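> Generate a structure from the sequence data that follows.
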Amino acid sequence: MSASGTAAPPYKIPVSVLVVIHTPALEVLLLERAPWPGYWQSVTGSVDREDEPLGETATREVMEETGIDARAHRLLDWGITNRFEIFRRWRSRYAPGVTHNVEHVFGLTVPASQPVRLDPREHSAFVWLPWREAADKCFSWSNRDAILLLPERAAPAER
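Residues are numbered from 1 along each chain as shown. Below is the predicted model:
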């Protein structure tokens, strides 16, 4: 069962969100993938069902991966969509023949860096870094590019 109480699809749906969690000072939260040490990323996750609103997916994934309630903060859809090839090591989670994913980018502003609650099956560590350092640490080009947009995407009132 998914978090929403409905039966989970047999395969992951190749539509996902990337949520760049940051402070007004442009410190960015990165998570280290537990199965792949050295792979640092922002919050990511796939829709649970074809008709799940992307904002709902982003809110759910932030809660699942960090324990942060996105509803209590400023979550913005940045209107950016990336299409990329799914790494071969992860393709078995998708239906046969699925090779690409469509990712939708969001930003979540929190008031300050804070401790997070990690699921040890997914992530082994977290770190808050200045935005340039965070971008350099990401293994994913789309995550790096999203973080590099942060100074222009963060509302002026936040800085």
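
> which helix of the chain spans the most residues?
Among the segments of the chain that qualify as a helix by DSSP state H, the longest is helix 54-66.

> by contact count, what packs against it?
Helices and strands touching helix 54-66, as assessed by 3 or more C-beta pairs under 8 Å, 6 or more residues apart in numbering; DSSP states H and E, comprise strand 15-22, strand 27-33, strand 43-46, strand 74-85, strand 100-109. Yep, even glycine has a C-beta here, placed from its N, CA and C like the rest.

> what do you get if the cut-off is 6 Å, keeping everything else the same?
The contact analysis (3 or more C-beta pairs under 6 Å, 6 or more residues apart in numbering; DSSP states H and E) places helix 54-66 against strand 15-22, strand 43-46.

> of all those strands, which lies closest to D136?
When the helices and strands packed on helix 54-66 are ranked by proximity to D136, the top entry is strand 15-22, at 14.4 Å, counting by C-beta to C-beta.

> can you redo the helices and strands packed on helix 54-66 as JSON lines with mean pLDDT, mean neighbour count and distance to A34?
Conversion of the helices and strands packed on helix 54-66 to JSON lines gives the following (pLDDT from 0 to 100; neighbours: other C-beta atoms under 10 Å; distance: least, C-beta to C-beta, whole Å):
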{"stretch": "strand 15-22", "mean pLDDT": "96", "mean neighbour count": "24", "distance to A34": "18"}
{"stretch": "strand 43-46", "mean pLDDT": "95", "mean neighbour count": "20", "distance to A34": "14"}
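
> could you dump those to a markdown table with distance to L75?
Converted to a markdown table, these look like this (distance: least, C-beta to C-beta, whole Å):
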| stretch | distance to L75 |
| --- | --- |
| strand 15-22 | 8 |
| strand 43-46 | 11 |
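
> P37 is nearest to which of these?
Evaluated over the helices and strands packed on helix 54-66, closeness to P37 peaks at strand 43-46, with 17.2 Å, by C-beta to C-beta.

> so how far is the closest one off the chain centroid?
Distance, stretch centre to chain centre, for strand 43-46: 4 Å (C-alpha atoms, centre = their mean, to the nearest Å).

> Output the contacting helices and strands for it.
strand 15-22, helix 54-66.

> if you set the cut-off to 10 Å instead, what comes out?
Other helices and strands packing on strand 43-46, by 3 or more C-beta pairs under 10 Å, 6 or more residues apart in numbering; DSSP states H and E, are strand 15-22, strand 27-33, helix 54-66, strand 100-109, helix 141-148.
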